[in-house]
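Chemist: for reference, the sequence and a predicted model appear below.
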Number of protein chains: 2
Amino acid sequence: MTSRQVTLVEVAKQAGVSLATASRVLNGSTRQVSDELRERVVGTARRLGYLPNASAQALARNSSALVGLLVHDIADPYFSSIAAGVTRVAEEAGLVVVLGTTGRDPGREVDLLHTLRAHRARAVVIAGSRTTDRATAARLADEIAAFTAQGGRVAAVSQAKLGVDTVVPGNRTGARALAVALADLGHQRFAVLAGPQDLVVAKDRLAGFRAGLAERDLPDPVVVHGDFTRDGGYTAAQRLIAADTGATCVFAVNDVMAMGAMAALRDHGLRVPEDVSIAGFDDIPTLRDLAPGLSTVRLPLEDMGERAARLVLEDAPGARTVRVTGEVVLRASTSSPSATGLR
Amino acid sequence: MTSRQVTLVEVAKQAGVSLATASRVLNGSTRQVSDELRERVVGTARRLGYLPNASAQALARNSSALVGLLVHDIADPYFSSIAAGVTRVAEEAGLVVVLGTTGRDPGREVDLLHTLRAHRARAVVIAGSRTTDRATAARLADEIAAFTAQGGRVAAVSQAKLGVDTVVPGNRTGARALAVALADLGHQRFAVLAGPQDLVVAKDRLAGFRAGLAERDLPDPVVVHGDFTRDGGYTAAQRLIAADTGATCVFAVNDVMAMGAMAALRDHGLRVPEDVSIAGFDDIPTLRDLAPGLSTVRLPLEDMGERAARLVLEDAPGARTVRVTGEVVLRASTSSPSATGLR
DNA sequence: GACAGGTTGGAAAGCGCTTTCCACACGCTA
DNA sequence: TAGCGTGTGGAAAGCGCTTTCCAACCTGTC
């Protein structure tokens, strides 16, 4: 079954040139080859259907055409948007994207990076949100160090403290601006569905939101923690409703949580925005088709993926930070406060 | 900067064994090695931080740890759900997923398959919907043949005629059952947003829907073609509205088109389902948070990805067909017909 | 005690490329 | 005419593994 593959030696032999010449013609080399030989080689290569063996090339060159992309969950629109950006840039550069999904397990992140290193991946984009757990963070740092020591490039999306090229959204400032905008709508009692306690992104957004409220001399919000997922938003919202806080506006630290929360509110017979206003963060594409439209802070997700990829593929090494700013987008899910709120 | 990588030779030398023995210990071999040597090798490998060079292994073994996954657009929830299933299975098997996005360009599909072949990928899952264009189909067939001739395995999701292992959803039967269910709601005049003319999946769903209507002795639906995307659904719906057909129920051949169509209806001041009912196909996860809930035909998307992956990774070669059936799910977007319909 | 059969370790030949040398042939200048 | 730089082709040495041989050794049996 397994038919013999055409190798460069055969092409060289058939074309009547040396292996070196064939290699120089078929794969970019600085060396010149006369037009006559060049044509002969190209011709026979085509005729024989020659296809270079990428593994052999990677071995000889000590670098592959692989770019890693690490996400928590590719089915999450936040990550799949970023992935779209990364793959576009990588494929333009003739590279190939290796997708690793961590399932929000930091240990898995380390493992995947390890694998990518074994493959001599040229670069990797880490798009998951970072944990603050000490031990794993150290292991991750080691793995990143090993990866770069080997000549690989690393970029992160939205996690500043990795010591690598990073694309960071304005989590703090975005959340702060959102808080101000919501306060200006007239809300006074806020609740925040704040994600996991050890997630930097979640913490930053919470902190920014608090700062915004403080700026308007409003009291600190009620905070309920939960998973950074749709279901996490759902259950967090349930607990919030049970707590009977009287909040008139809920901020979920990301859109998928907000969507889960909206479902929970609906299930409890609460109307958005008549009974309670709600806002998220990210502006994932999904929101376009949500009714009522979800107020949020827009992040250019695909663009962020592209930028991260360019950082490691086109630019020289160096731990730069590219900041992207979030833009407050108010939609139908937020309005002036109702009399009652969450009770 | 680039620190010397620890190689197997060094491990062998330090452990005082031959290269062969070191290789046998560290990478699965049928051959036995005495416990003493084994421990020595494992110990020094750990101490030196040895990491096998995947390219070298791939070259020596003539097969890599790569599994390709070809999708049209990873940001489309349909594909990202399938991708989640594929990556889960691949990662369980210690393999690595290479993500290729075709942007619905069949030529690109061929190119990506070519690249994957150069990488000696062990298998590839083609998840895009197939074009019916002759020439490209032939090129694709050639590429697939070359891939399998080389020992690689190919599976397809939802495109029966590739001559490879395939996971096919019951497009025809699902659409037919949906048509019957909608007819039983009392609708008589239907419209279909039918996707591109040359897409097998779209054609099958349209045909199934027609068959269902025929079964209930209802007239053929108005058919409007358009892109298989959210925006395609939006513009198709606009054209449908302009056509003033009086249809009371719209079937979009996939969910993202249906979502676009709902947006178009909303923008025209039409209410769903009061003015017009609408249904989709696939049951992408996004639908959970849509209000009103979209009626659809549920497909187990992640499961389909898993099955396709298992087909090429665990089972012996052979062009099998795994059928998965769609289940009609009626939600709030469909109700008994209004007096007016689309006019 | 000799010999078959089974284990275990090592030498070395690849796998298919890239790239460093080296050799040679030019076209110049001095 | 000698000498020199330059452009071009080829031989061969890797890149880091796997795997085939072969040799050595250990049983056990007759």
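Modeler: Cool, got the structure.
Chemist: which residue, other than its chain neighbours, is closest to residue A:16?
Modeler: residue A:40 (7.0 Å; Cβ to Cβ, 6 or more residues apart in numbering or on different chains). C-beta coordinates here come from the backbone N, C-alpha and C atoms, glycine included.
Chemist: could you say which helix or strand contains that neighbour?
Modeler: helix A:35-48 (DSSP states H and E).
Chemist: returning to what we had before: give me the pLDDT for the residue nearest to residue A:16.
Modeler: Residue A:40 carries a pLDDT value of 92.
Chemist: my guess is it contacts residue A:22. True?
Modeler: No - Residue A:40 lies out of contact with residue A:22 (Cβ atoms under 8 Å); the separation is 9.5 Å.
Chemist: neighbour count winner among the two?
Modeler: Using other Cβ atoms under 10 Å in any protein chain shown, the more surrounded residue of residue A:40 and residue A:22 is residue A:22, with 27 against 20.
Chemist: which ones are touching the residue lying closest to that one once chain neighbours are set aside?
Modeler: Leaving aside its sequence neighbours, residue A:22 sits nearest to residue A:12 (Cβ to Cβ, 6+ apart; 3.9 Å). By Cβ atoms under 8 Å, 6 or more residues apart in numbering or on different chains, the contact set of residue A:12 is A:18, A:19, A:21, A:22, A:41.
Chemist: quick one, strands of chain A?
Modeler: For chain A, the strands defined by DSSP state E cover A:66-71, A:96-101, A:123-126, A:153-157, A:165-169, A:190-193, A:222-224, A:249-252, A:277-279, A:296-298, A:321-324, A:327-329.
Chemist: right, and those - which one's nearest chain B?
Modeler: Nearest to chain B among the strands of chain A is strand A:96-101; the distance by Cβ to the nearest Cβ comes to 4.3 Å.
Chemist: any bit of that closest one sitting next to chain B?
Modeler: Yes - residues of strand A:96-101 contacting chain B under Cβ under 8 Å from any Cβ of the partner chain: A:96, A:97, A:98, A:99, A:100, A:101.
Chemist: next one: that strand to chain centre, how far?
Modeler: 12 Å (Cα atoms, centre = their mean, to the nearest Å).
Chemist: quick one: average pLDDT of it?
Modeler: On average, strand A:96-101 scores 96.
Chemist: show me what residue of the stretch 201-343 of chain A gets nearest to DNA strand C.
Modeler: residue A:313 (18.3 Å; Cβ to the nearest atom of the strand).
Chemist: that residue against residue A:121, yeah?
Modeler: No - using Cβ under 8 Å, residue A:313 is not in contact with residue A:121; the gap is 11.7 Å.
Chemist: which one of the two has more residues nearby?
Modeler: residue A:121 (29 against 19).
Chemist: not counting sequence-adjacent ones, nearest residue to the more buried one?
Modeler: residue A:66 (4.3 Å).
Chemist: which residues does whichever residue of the stretch 201-343 of chain A sits closest to DNA strand D contact?
Modeler: Per Cβ to the nearest atom of the strand, residue A:317 is where the stretch 201-343 of chain A lies closest to DNA strand D, at 21.0 Å. With contact taken as Cβ under 8 Å, 6+ apart, residue A:317 is in contact with A:148, A:153, A:165.
Chemist: what about 10 Å?
Modeler: A:148, A:151, A:153, A:154, A:164, A:165, A:311, B:1 (Cβ atoms under 10 Å, 6 or more residues apart in numbering or on different chains).
Chemist: pull the most distant pair out of those residues.
Modeler: Spatially, the most separated pair among the contacts of residue A:317 is A:311 and B:1, at 17.8 Å (Cβ to Cβ).
Chemist: for the stretch 101-250 of chain A, what lies in contact range of chain B?
Modeler: A:101-103, A:108, A:111-112, A:114-121, A:142, A:145-146, A:148-152, A:230-231, A:233-234 (Cβ under 10 Å from any Cβ of the partner chain).
Chemist: 7 Å instead, please
Modeler: A:101, A:115, A:117, A:118, A:119, A:120, A:149, A:150, A:151 (Cβ under 7 Å from any Cβ of the partner chain).
Chemist: can you get me a residue count around the spatially closest residue to residue A:17 that is not a sequence neighbour?
Modeler: Leaving aside its sequence neighbours, residue A:17 sits nearest to residue A:37 (Cβ to Cβ, 6+ apart; 5.5 Å). Number of residues near residue A:37 (other Cβ under 10 Å) recorded here: 17.
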